[in-house]
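*Asks:* give me coordinates for this.
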Amino acid sequence: MNSIVSTSSLSCLPSLYDNPTPYKHLSNFSSTNHQLSSFSIKSTFSSPKSTTCAATPIEGTVSVINFEDFVEKDWSFLDADDDSKVLISTGSEGFVDQVVETCSCKQLLVVHDSLFVLACIKEKYDKVKCWQGELIFVPEKWAPFDVVFLYFLPGLPFELNQVFDALSKVCSPGARIVISHPKGREMLEQQKAENPDVVVSDLPDKSTLESVASHQPFTMVDFVDHQGFYLAVLEHTK
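*Replies:* Below is the predicted model of the structure:
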């Protein structure tokens, strides 16, 4: 543990992190089956946390996205196997739940600055490794990572080039960096207006990602940016 929980900790704003990833069934994708039924893009809305760790999600379907646009996409880049090492940065409990339930991996490490969030995750999943601290300081003893989920990038107090530089040192060749946000820019703008001290940056557009990646060993694999859905995937080419 290398950071101290403060009043500005991300755990003070559970509404920012209670929504799990907008995509599910990460281990069900294949290059020969592009049906959206396997992709199952959904969003989960949770009520504010109580004093306990448990929270019951209420699922609802995102209606602002034309799902037909994604039917023919190849989502096999999210495949994981039993030998994969996965890193989740600033993930909600719901996000971690879905990764644990749908992916089989050798190691899952969750990085967060909130001891409360990590304690709740550890209580449910003893085998999940938890580390309190900042993403760019993750110890290399758990590396190399094959998949990195940047679940809430706008909540990280670092420049994008700092994040990519740190990840380039702990990712295996061919590793995937997956940047997502629950409900995309639509939700982010609301969160930023309500919590400007926590939401310290925007979601990067495609040209920004490509520019930063060009100075790092990363290439763009896929990019989707709609008002209610955001997903960017990069590959570590070193």
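
*Asks:* tell me how far Gly155 lies from His181.
*Replies:* 10 Å (CB to CB, to the nearest Å). Backbone N, C-alpha and C define where each C-beta goes, glycine included.

*Asks:* my error: substitute Asp82 in the last question.
*Replies:* For Asp82 relative to His181 (CB to CB), the value is 29 Å.

*Asks:* these two - which one has more neighbours?
*Replies:* Set Asp82 next to His181 and count neighbours by other CB atoms under 10 Å: His181 wins out with 26 against 8.

*Asks:* secondary structure element holding the nearest residue to the more buried one once chain neighbours are set aside?
*Replies:* Nearest residue to His181, sequence neighbours excluded (CB to CB, 6 or more residues apart in numbering): Tyr230, at 4.6 Å. Tyr230 is part of strand 229-236 when elements are defined by DSSP states H and E.

*Asks:* adjacent strands (with direction) for that strand?
*Replies:* Paired strands of strand 229-236, with direction, are strand 171-181 (antiparallel), strand 218-226 (antiparallel) (DSSP bridges).

*Asks:* average model confidence for the last one?
*Replies:* Within the predicted structure, the mean pLDDT of strand 218-226 is 94.

*Asks:* list the buried residues for that strand?
*Replies:* Judged by neighbour count using 16 or more other CB atoms under 10 Å, the buried positions of strand 218-226 are 218, 222-226.

*Asks:* please enumerate residues in contact with that strand?
*Replies:* 64-65, 70, 73, 77, 164, 168, 176-177, 184-185, 203, 205-206, 209-210, 213, 230-237 (CB atoms under 8 Å, 6 or more residues apart in numbering).

*Asks:* make a PyMOL selection of the buried ones in those.
*Replies:* Buried subset of the contacts of strand 218-226, written as a PyMOL selection, criterion 16+ other CB under 10 Å:
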select buried, resi 65+70+77+164+168+176+177+184+185+203+209+213+230+231+232+233+234+235+236
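
*Asks:* quick revisit: make a markdown table out of the strands paired with strand 229-236 and add distance to Asp126.
*Replies:* Shown next, in a markdown table, are the strands paired with strand 229-236 (distance: least, CB to CB, whole Å):
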| stretch | distance to Asp126 |
| --- | --- |
| strand 171-181 | 25 |
| strand 218-226 | 33 |
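
*Asks:* so for Glu123, which of the ones you listed sits nearest?
*Replies:* Closest to Glu123 of these, according to CB to CB: strand 171-181, at 24.7 Å.

*Asks:* who touches that closest one?
*Replies:* The contact list for strand 171-181, computed with CB under 8 Å, 6+ apart, reads 21-23, 77-78, 85, 143-154, 164, 167, 187-188, 203-204, 209, 218, 221, 230-238.
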